[in-house]
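A.B. asks: just the structure for this:
(chains A, B and C)
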Amino acid sequence: MSVDRLPADFYMQDVLTVAPALLGKTLVRVLPSGEISRHVISETEAYRGGEDLACHASKGKTPRTSVMFEPGGRLYMYLIYGMYWMLNVVTASEDVPQAVLVRGLRDVSGPGRLTRKLELDGSFNRENLVSSPRIYLAGKAPIPEYTTHPRIGIDYAGETWKNKPWRFVMKS
DNA sequence: AACACGATTTCG
DNA sequence: GAAATCGTGTTT
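C.D. replies: Numbering: from 1, shown residues only, chains lettered A, B, ... in the order given. Modelled structure (predicted):
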C-alpha cells in the first residue's frame, strides 16, 4: 500500500475535472512477478456521459458499458480492433456514466502500448483503484502545466463532440 | 446466425 | 495506405 494512493473522493468529481488532474499522477502496477512498475501519466481524454456521442455510454447501459454507471474509482477496460486493451478510469457518482481514457505515460506513448507493457487486460475490468492490491494511482497536487486538444479517433461522433478540447497533454 | 465496426498499432 | 483480429451491439 501507498500512503498517497488517491482516495475515493478524487474519482467522484466530474470527468472534466479528473481527466486533467490525472496528469502527473503515478500509475502503480504490481505485476504477477511481484515487480512494482511505476509510470507518470502524461496524456488523458475525457468521455462524458449520455450526451457525448463519442462516449460508449451515450448508447445506453449495456453489459460492456455498465461499469461506467457505477461510482467513480473503478476501471473500464475494453478491447479495440480485436487486439488492444484500453485503460479507462470511471469518474463521477453512480448513474453518471463518465470515464477517462489513459492515453499515454511519460515513457510509453499510446493507449494500446501502455496496457501491453503493464500487462493489463479484461481481467481488470471493474477493478477498484481504491482497494486493489495490483493496480492503483498515487500522487499529489499540483496539476502540472498542460495543453488541450481534440480527442483522437472519434470522427464518427459528429462536429459538436469531435471538436471538444477534451484531450489533455502534460507539458514535458 | 450473420454482420459491421471500432477511444490502435505496425508494416510496406 | 492497408492489414491484423475479435468482442460487442444490431439486424436477420
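
A.B. asks: what separation do you get for the residue of chain A positioned farthest from its centre and A:E119?
C.D. replies: Farthest-out residue of chain A from its mean C-alpha position, per CA atoms, centre = their mean: A:S33, at 24.3 Å. Counting by CB to CB, to the nearest Å, the gap from A:S33 to A:E119 is 9 Å. Yep, even glycine has a C-beta here, placed from its N, CA and C like the rest.

A.B. asks: could you do A:L23 as well?
C.D. replies: From A:L23 to A:E119 the distance is 23 Å (CB to CB).

A.B. asks: which one of those two is surrounded by more residues?
C.D. replies: A:L23 (21 against 16; other CB atoms under 10 Å).

A.B. asks: leaving out chain neighbours, which residue sits closest to the more buried one?
C.D. replies: Of all residues not flanking A:L23 in the chain, A:M170 sits nearest, at 4.3 Å (CB to CB, 6 or more residues apart in numbering).

A.B. asks: residue contacts, the one you found?
C.D. replies: Neighbouring residues of A:M170 by CB atoms under 8 Å, 6 or more residues apart in numbering: A:23-24, A:41-43, A:106, A:144-146.

A.B. asks: A:D107 too?
C.D. replies: A:39-40.

A.B. asks: same check, this time on A:E94
C.D. replies: By CB under 8 Å, 6+ apart, the contact set of A:E94 is A:69-71.

A.B. asks: for A:L53, same thing?
C.D. replies: Per CB under 8 Å, 6+ apart, neighbours of A:L53: A:156-158, A:160-161.

A.B. asks: in helices, which of those residues appear?
C.D. replies: Here DSSP state H is the test, and those give A:160-161 as lying in helices.

A.B. asks: using TSV, lay out the contacts of A:L53 together with neighbour count, distance to DNA strand B and pLDDT.
C.D. replies: Listed next are those as TSV, based on neighbours: other CB atoms under 10 Å; distance: CB to the nearest atom of the strand, whole Å; pLDDT from 0 to 100:
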residue	neighbour count	distance to DNA strand B	pLDDT
A:Y156	9	5	95
A:A157	17	8	96
A:G158	11	12	94
A:T160	11	16	96
A:W161	20	11	97
